[in-house]
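Student: Could you work out the structure for the sequence below:
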Amino acid sequence: MTSTEPYIAATTQARKVTEKSIEAWRNGAKTFTDQLERVRLPTIDLTEPVTRYFDSVQRAVDFNRDLATRWAELVTSLSGTVREQAGKVTEIVKDQTNVVSDLAVKQAEKAEDVANEQANLAEEAKREQEKQAKAAERAAAKQAKEQARQPYEGLTKAELSDILAERDLPKSGTVEELIERLVSADSE
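Tutor: Residues are numbered from 1 along each chain as shown. Model (predicted):
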């Protein structure tokens, strides 16, 4: 094992963690967009959170690259006791790499939370629209029924019976039943 292998392994691990974070975010975004295709949503602009997330990821990648580059320069110039100090620096680099990786994961989780919140709001808006549409349909049906009954309101039972007789419809029943029979015949 060469003296650079632990450092290379640490930077490789940081890169893998960052890639996994990006993959998790990508899968979450794909799931979210698949759901969006099924639902008519209000306009949602996720550009800013996504941009911030990728800016954070880019900063993490740049930070890791700079650390790895500095580490490589340091390793080439080390000797004896300086190497001992480099071991301490390596631990700091590992800690910083872990912190940056955790930050990238947290940013991905925040972006996913924002996307989920937007999806929930869109779903709620859809349910409200459906509720309003059903209420409008009921109101329209009620109004149409009232308009259909209007020509017969105020007529006596005898007058209603005469109209029914002219149409060869049964004349028996209450005034309400006669009016309903005429409205039904009108709608056919």
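Student: Next, find the distance separating residue 133 from residue 4.
Tutor: 67 Å (CB to CB, to the nearest Å). (Each C-beta comes from the backbone N, C-alpha and C, glycine too.)
Student: Tell me how many other residues crowd residue 123.
Tutor: 13 (other CB atoms under 10 Å).
Student: pLDDT score assigned to it?
Tutor: We have a pLDDT of 88 for residue 123.
Student: Which of the helices or strands spans it?
Tutor: Assigned by DSSP states H and E, residue 123 belongs to helix 81-149.
Student: For the helix or strand following that helix, list every residue counted as buried.
Tutor: From helix 81-149 onward toward the C-terminus, using DSSP H and E, the following helix or strand is helix 157-166. Residues of helix 157-166 classed as buried: 160-161, 163-164 (neighbour count, 16 or more other CB atoms under 10 Å).
Student: how close does the residue nearest to the spatial centre of the chain get to residue 24?
Tutor: Computing the C-alpha centroid of the chain and ranking residues by CA atoms, centre = their mean puts residue 119 first, at 2.4 Å. Noted for residue 119: a distance of 17 Å to residue 24, by CB to CB.
Student: Next: residue 59.
Tutor: Remark: distance between residue 59 and residue 24 (CB to CB) = 18 Å.
Student: Same question for residue 16.
Tutor: Distance from residue 16 to residue 24, by CB to CB: 13 Å.
Student: The two - which one has more neighbours?
Tutor: More crowded of residue 16 and residue 24, by other CB under 10 Å: residue 24, with 14 against 11.
Student: what's the closest non-adjacent residue to that one?
Tutor: residue 108 (5.8 Å; CB to CB, 6 or more residues apart in numbering).
Student: surely the one you found meets residue 23?
Tutor: No - at 9.5 Å, residue 108 does not count as touching residue 23 under the criterion of CB atoms under 8 Å.
Student: between the two, who's got more neighbours?
Tutor: Set residue 108 next to residue 23 and count neighbours by other CB under 10 Å: residue 108 wins out with 22 against 11.
Student: dump the residue contacts of the more buried one.
Tutor: Contact analysis of residue 108 by CB atoms under 8 Å, 6 or more residues apart in numbering lists 21-22, 24-25, 28, 53.
Student: Out of the residues you listed, which sit inside helices?
Tutor: 21-22, 24-25, 28, 53 (DSSP state H).
Student: and these, which are buried?
Tutor: Among those, those classed as buried by 16+ other CB under 10 Å are 21-22, 25, 28, 53.
Student: can I get the residues you listed in TSV with distance to residue 98 and pLDDT?
Tutor: Formatted as TSV, these follow (distance: CB to CB, whole Å; pLDDT from 0 to 100):
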residue	distance to residue 98	pLDDT
21	13	89
22	17	92
25	19	88
28	22	86
53	19	89
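Student: Understood, closing this out.
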